[in-house]
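S.K.: Sequence unavailable; structure follows:
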């Protein structure tokens, strides 16, 4: 038999180098994600999407379109790398494509409930390239529709400043709607009779009729 000569395990060497490559890839991925985060943050600051939404909401709108600055409207192949990190030693490259950047932008802007929208793209058919032109943001009306009261003196009185625990009696007392002579009020929503100690909030967006008990049309009534 030939004498056995000690040498490092080739399998161990391979595993160690594979582990180094995996660690390198993880580091490059984290670097790429950090760059992406910084670029998204800068884009938010430059375009002030929050301010555009605020201005639209002040006017009672439910959507707004924000055009991008020209420097952000470059025509590119969306599958191409937007961010790329490389290691010459291990010959590893980690990239985030323009498509992934758009997806990250949409997640950042539209992650909240009641918020939706899209990133508008303009495609150049001749060059097979696409540019981001604007960001469209829309939202559900977060302000509940007011409750409409059908009183004798106003059949379409809308009220929205109601506390969550406020009853009809509380509301009428606060607003000065209770009859001065103590006459009982009858409240109805369609055919449903509503007790005065019921909470007002569940009836938002609906119309309720309020009449004095035993009220007859054309009869004078003093609050």
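M.R.: Yep, it's here. Remember, predicted model here, so these are calculated numbers, not experimental data. Residues are numbered from 1 along each chain as shown.
S.K.: So in this protein, which helix runs the longest?
M.R.: Assignment by DSSP state H gives helix 10-47 as the longest helix of the chain.
S.K.: quick one: that one to chain centroid distance?
M.R.: Chain-centre distance of helix 10-47: 29 Å, with C-alpha atoms, centre = their mean, to the nearest Å.
S.K.: immediately after it, which helix or strand?
M.R.: Using DSSP states H and E, the next helix or strand after helix 10-47 towards the C-terminus is helix 49-58.
S.K.: list the contacts for the most centrally placed residue in the chain?
M.R.: What sits nearest the mean C-alpha location of the chain, by C-alpha atoms, centre = their mean, is residue 115, with 2.7 Å. Residues counted as contacts of residue 115 (C-beta atoms under 8 Å, 6 or more residues apart in numbering) are 109, 137-139. In short, each C-beta sits where N, CA and C put it, glycine included.
S.K.: Outline the domain layout of this structure.
M.R.: 11-139, 147-212 (automatic domain parsing).
S.K.: Specify the stretch among those domains that is closest to residue 3.
M.R.: Smallest distance to residue 3 across those (C-beta to C-beta): 21.9 Å, for domain 11-139.
S.K.: For the closest one, measure first residue to last.
M.R.: Here the two ends of domain 11-139 are set 58 Å apart, with distance taken as C-alpha to C-alpha, to the nearest Å.
S.K.: tell me the mean pLDDT over that domain?
M.R.: For domain 11-139, mean pLDDT is 93.
S.K.: Off-centre distance for that domain?
M.R.: With C-alpha atoms, centre = their mean as the basis, domain 11-139 stands 18 Å off its chain's centre.
S.K.: What of stretch 196-212?
M.R.: Centre-to-centre, stretch 196-212 and its host chain are 31 Å apart (C-alpha atoms, centre = their mean).
S.K.: For it, which outside residues touch it?
M.R.: Residues outside stretch 196-212 that contact it (C-beta under 8 Å, 6+ apart): 144-152, 160, 162, 164-169, 171-172, 177, 179, 183-189, 194, 221.
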